[in-house]
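Participant: build me a structure from this.
(chains A and B)
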Amino acid sequence: MTLAAQLPALPVIVPLVAAPFTLLFKPGRAPWAWASLISWIIFAACAAIVAHVANAGVVSYHLGGWPPPIGIEYRIDLANALVLALVSGVAAVVFPFAYQSVKAEIDERQSPYFYGAMLICLTGLLGVTITGDAFNVFVFLEIASLSSYALVAMGARRDRRALTAAFNYLVMGTIGATFFVIGLGLLYQATGTLNMADLHDRLVGQDNRMVEAGFAFIMIGIGLKLAMFPMHLWLPNAYAYAPSAVSAFIAATSTKVAVYVLIRFFFTVFGLDFPFLHVAFAWTLLPVGVIGMFFASIVAVFQEDVKRMLAYSSVAQIGYMLLGVSFGTQEGLAAALVHLVNHGLMKGALFMAAACVFFRLGDHRCRAYEGLARRMPFTTWAFIISGLSLVGVPGTVGFISKWYLIEASIEAHRVWAGFLVVLSSLLAVVYVGRIIELMVLRPPPKDGPLAGEIREAPLSMIIPMWALVAANVYFGFRTGLTAGLADQAAAALMSSAGGG
Amino acid sequence: MDHLILRVLTKMFFAPILLFALYVQFHGDFGPGGGFQAGVIFAVAFILHALGFGLEATRRVMPPRALLFGMVIGLLFYTGTGAAMMALGGNLLDYEQIAPHSTHHAGQHWGIFLVEFGVGLCVASTMLMIFYHFAGREPEIDSEDW
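Facilitator: Predicted structure coming up:
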């Protein structure tokens, strides 16, 4: 048995085995170094998986040697390979970045638990992405969620509001998981299987109340996890009060993975032949996506706290992805997938910049950003470039996503949706521009707690942050790896869904 | 001497509870039971000890540091058993690899036996750790502990 054959198991088993080791290390540098090393190994494994899937097609790995649909199957096609690459890539950047930031924000005695929880969260997110078994999705989703509740709560050392934020997140997340598993139970009752491909085969032609109810439960459950517009209330506080490194990691990965799960269930499990899916697209996903785009962007404009602003912007960006999915076309799906990856890259970079500011100034409200260009130029420019990417300026990944989305809305004969995308991007100009204006045009504060000599963030934070910023620009020009793969992934998903 | 009857009974029950936990643990693959239940029962013996003799006495018997190792080693035992199958040439969790030439799937038996052992150790330590934390909680948390 070669390493190549075991490759699909590595992203799940390596961080899971590595996580308990962190508890045995001396608090401080060792758990961090261990977690970073593991994150790089995982990234290498995921990169190898992507390369393999892109060349050789779908990979199926049978756990315990039990063939599907009886056994659990890890099934990797281009769509989840892409998400695997995003999650492991962000982890490989955020874990090294975390050291200084965590040292400043978290009690050193807790650092083994912190990095252990980060590794378990990574296990969960990768597991959700990689698995081809519907119940396995639930298990890994809970692994990821439970560890993120704990991680968010660790922000309590700097701001005790993290505790209520984490509790809110826990309650909402648990309701979401419960709904999801109720939906799975109904599907299991209707079909007697939990393997996704097998579910799809057995759901063909079934259009009864039970399957419809299962569908609705799954959509609402995952909707809570991905902060679909009216169910997003847990997200802003959780992102704002979590430790900075956690915000950067979770914001860039966890809602994206939930969007992937939604896409996977819609297209692979239910498929386009399921009549209820089109009802959900037209009457739920489309309005919710559009309202989310505007509502969350407008709220973001009025936020005084930059991390909260970025969090609301995330809700708005989820709206773009839902809009793309709701077209039910290959172009729309490609737009959603490419925005999923691109938004992970830009939000990761933005939250890392916010982490650098918090590291030096101890504040993430707007006034900490006044005159930042003169105090922390590298952080400022990282923020500006990834902010422009969020807006969708040409030359950045944001532009590619918006371009795909607008093209998809024209293809789907919904030109008005394209206009709305542009219009809500203008709102992004306002909220990003507001911070850029503070950073570049205002002088640094003369007195008060934020005045005084402020140095640039340490190199161990600057380098990973700029790696992600560079990815924002690089994939803005070289779109083969993101948009190209997303196109192929969307085509494969559509053909598995029985559509065009 | 205070609580004499309670303490004598606690001492009497302590060993049988542990024995029963081990029975549930090792009988788990033939009948009802298994690592999780066994772990809980195992931890119950120590919780009973803490109720009878006070938390400090139990902490001396079973220090929290040892529990941490129990949690880690238990978890590693059961993830490690699954992962070791990859080294033996099978897929993850493929316990057939333990006894590949067995005619009655002895590998599956041994695999689940090892996994259950890990689960039992991990659950017992975690249960007791949770109990320590709840029972030993300070009325007001020191701001240093945040």
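
Participant: which other helices and strands does the longest helix along chain B contact?
Facilitator: Longest helix of chain B, by residue count under DSSP state H: helix B:106-135. Applying 3 or more Cβ pairs under 8 Å, 6 or more residues apart in numbering or on different chains; DSSP states H and E, we find helix B:106-135 packed against helix B:4-27, helix B:35-53, helix B:55-61, helix B:64-87. C-beta coordinates here come from the backbone N, C-alpha and C atoms, glycine included.

Participant: in TSV: these, plus distance to chain A, mean neighbour count and mean pLDDT.
Facilitator: Converted to TSV, the helices and strands packed on helix B:106-135 look like this (distance: least, Cβ to the nearest Cβ, whole Å; neighbours: other Cβ atoms under 10 Å in any protein chain shown; pLDDT from 0 to 100):
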stretch	distance to chain A	mean neighbour count	mean pLDDT
helix B:4-27	21	14	93
helix B:35-53	15	21	93
helix B:55-61	18	13	91
helix B:64-87	4	18	91
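
Participant: A:V128: which of the ones you listed is closest?
Facilitator: Taking Cβ to Cβ, helix B:64-87 is the member of the helices and strands packed on helix B:106-135 nearest to A:V128, at 17.8 Å.

Participant: what distance separates the closest one from the centre of its chain?
Facilitator: With Cα atoms, centre = their mean, to the nearest Å as the basis, helix B:64-87 stands 11 Å off its chain's centre.

Participant: that older thread, looking at the helices and strands packed on helix B:106-135, which is closest to A:S460?
Facilitator: That would be helix B:64-87 among these, by Cβ to Cβ, at 27.8 Å.

Participant: and the angle for the closest one with helix B:35-53?
Facilitator: Interaxial angle, helix B:64-87 versus helix B:35-53 (axes from the mean of the first three to the mean of the last three Cα atoms, to 10 degrees): 170 degrees.

Participant: who's in contact with stretch B:64-81?
Facilitator: A:13, A:16-17, A:20-21, A:23-24, B:95, B:111, B:114-115, B:117-126, B:128-129, B:132 (Cβ atoms under 8 Å, 6 or more residues apart in numbering or on different chains).

Participant: what of stretch A:275-291?
Facilitator: Counting by Cβ under 8 Å, 6+ apart, residues outside stretch A:275-291 touching it are A:207, A:211-212, A:215-216, A:219, A:228-230, A:266, A:270-272, A:318-323, A:325-328, A:417, A:420.

Participant: filter those down to the buried ones.
Facilitator: A:211-212, A:215-216, A:219, A:228-229, A:266, A:270-272, A:318-323, A:325-328, A:417, A:420 (16 or more other Cβ atoms under 10 Å in any protein chain shown).

Participant: backbone dihedrals for A:G371, both of them.
Facilitator: Phi and psi for A:G371, reported as degrees, to the nearest 10, are phi 70, psi 20.

Participant: what's the spacing between it and chain B?
Facilitator: 31 Å (Cβ to the nearest Cβ, to the nearest Å).

Participant: what do you get for A:A104?
Facilitator: 14 Å.

Participant: one more: A:A240?
Facilitator: A:A240 is 18 Å from chain B, by Cβ to the nearest Cβ.

Participant: any idea how many residues pack against that residue?
Facilitator: The tally of other residues near A:A240 (other Cβ atoms under 10 Å in any protein chain shown) stands at 25.

Participant: which strands or helices does whichever helix or strand A:L310 is part of pack on?
Facilitator: Assigned by DSSP states H and E, A:L310 belongs to helix A:306-326. Packing partners of helix A:306-326 (3+ Cβ pairs under 8 Å, 6+ apart): helix A:234-241, helix A:244-263, helix A:286-301, helix A:330-361, helix A:397-411, helix A:415-440.
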